[in-house]
Every structure is written in C-alpha cells, then in structure tokens.
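Trainee: I need the structure of the sequence given here:
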Amino acid sequence: MKKIFKIITTSLIMGLLTVGTLVPIASAESVAPTNLTDYIVSDIQINLNWYSVPGAISYSVYQSTNNGAYRRIAFNVIHNYERQIPVTPGTNYSYYVTAVDSSGEGPASNVVSLTTP
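Mentor: Residues are numbered from 1 along each chain as shown. Down below sits the predicted model:
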C-alpha cells in the first residue's frame, strides 16, 4: 500500500530553527465507505446509498446472491449511491462498496442484506 505523507513544521527560536515531522494522511485506499444502506424500490429493483470517502475517485459495488461469492456489479461509480440495481423477486442479496483512489481500491464497507419480495 502506498503511503501519503504531509509535512508539519514547527518554527522554534523566532523562525531560525524549523523542525519537520512526516504525518501519514489517510487515503481512500485505507478508508472504507460507511453507512451503506439499501432500499427496495420494487420486486425487481433496489437502490444503495453510502457516505462518501474523502479523496475517493470512484466506488465499486459488490453483490452476493443467495449467500454465494461476491462479484463486482458496478465500477467507476462517481457518486455515493447506485440506483436501479436489477434484482430477481424472492432472492436473497448482500452488498458492499469500496472506495477507489489513485493508489487503488480500499477496504469493504459494511454489508447490507435483503430479500426481494
């Protein structure tokens, strides 16, 4: 994982001596989206919403059907929601979201699960 740092400086003795300290800055690669929520729109459509991650360029959405393996169903999502995800009636779904920045993909958000009517 690539680490990004900023320099914090402290001037001592009227600016004649400056001490610099490297402090790591959190990137989207190290921060997960939070508060992922789902909303059943109909028996064939759901919506997802989540809190944005500062520095994220885009988001990826992952889906599991009937407790199977997760697969990415959307990528390069540039906002903090995904609308009109098609689903099948009477099916159990689970979702999580990741943030992506120039360093790569970050950790998974919380998982939300639902069963369509």
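Trainee: all strands for this protein, in order.
Mentor: Along the chain, counting by DSSP state E, strands occupy 4-12, 17-25, 34-42, 45-51, 58-65, 71-77, 81-86, 92-101, 104-108, 112-115.
Trainee: sheet partners, orientation included, of the shortest one?
Mentor: Right, the one you point to is strand 112-115. Neighbouring strands of strand 112-115 in its sheet, by DSSP bridges, are strand 92-101 (antiparallel).
Trainee: pLDDT (mean, whole number) over stretch 41-52?
Mentor: In this model, stretch 41-52 carries a mean pLDDT of 94.
Trainee: correction: stretch 98-107
Mentor: Confidence over stretch 98-107 (mean pLDDT, whole number) is 93.
Trainee: how far is that stretch from where the chain is centred?
Mentor: 7 Å (C-alpha atoms, centre = their mean, to the nearest Å).
Trainee: mind listing what's buried in that stretch?
Mentor: 98-101, 103, 105-106 (16 or more other C-beta atoms under 10 Å). For every residue, glycine as well, the C-beta is placed using N, CA and C.
Trainee: mind putting the residues you listed into TSV with distance to Leu36?
Mentor: Output for the buried residues of stretch 98-107, formatted as TSV (distance: C-beta to C-beta, whole Å):
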residue	distance to Leu36
Thr98	11
Ala99	12
Val100	16
Asp101	18
Ser103	22
Glu105	16
Gly106	13
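Trainee: pick out the most distant pair among these.
Mentor: Thr98 and Ser103 (12.5 Å; C-beta to C-beta).
Trainee: hmm, back to that, tell me the most buried of the strands of the chain?
Mentor: Greatest average neighbour count among the strands of the chain goes to strand 92-101 (a mean of 21), per mean count of other C-beta atoms under 10 Å.
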